[in-house]
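In: Sequence and predicted structure, then a few things I'm wondering about:
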Amino acid sequence: MADTYGVSRGTVREALTKLMDNGLVEIKHGSGTYVTFDGKASTPNAIQSANPLELIDARFALEPHICRLAVLHGRREDFDKLTLLCDKMESSLHDTLEFSAAGYRISSHARAMHTERFINLDY
């Protein structure tokens, strides 16, 4: 997969781990990775049912408030990490996969910042 998509094996491993954490695949060491998600059995949630424009509108409405909470309650080390992640994202403008991965890492770190104080940012 790494060769096919032009990414490192670590990136593939990270992606597969995220899929496993979301219950979409099962990783059997020494055997392989298997799809476990049954789309027919699950009921779509509001986000899955929304069209892309509705999701963008919701993000535009929520993200300024989430940023405000982060500024008010974030720690210096949180902002240092976000700065490094933003720099990585900016340096990968011409690498679509790395740019997307960097964006995911930024969102993941933002979610991890004092999660008990913030709403769940899964979208």
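Out: Looks like it arrived, so ask away. Residues are numbered from 1 along each chain as shown.

In: What segments of this structure are helices?
Out: Taking DSSP state H, the helices of the chain run over residues 2-5, 9-21, 46-49, 52-73, 76-90, 96-112.

In: ok, now which ones touch residue 7?
Out: Each residue near residue 7 by CB atoms under 8 Å, 6 or more residues apart in numbering is listed here: 97, 98, 101. All C-beta spots, glycine's among them, are computed from the backbone N, C-alpha and C.

In: ok so, going back, tell me which of the helices of the chain sits nearest to residue 37.
Out: helix 9-21 (8.5 Å; CB to CB).

In: So in this structure, where's the weakest helix or strand by average pLDDT?
Out: helix 46-49 (a mean of 76; mean pLDDT, DSSP states H and E).

In: so residue 110 sits right up against residue 66, yeah?
Out: Yes: using CB atoms under 8 Å, residue 110 is in contact with residue 66, at 7.5 Å.

In: Tell me which of those two has more neighbours.
Out: When residue 110 and residue 66 are compared for neighbours, residue 110 comes out ahead with 20 against 16, by other CB atoms under 10 Å.

In: So for the more buried one, what's the pLDDT?
Out: pLDDT recorded at residue 110 is 76.

In: before we move on, back to that, now the least confident helix or strand of the chain: how far from the chain's centre is it?
Out: 17 Å (CA atoms, centre = their mean, to the nearest Å).
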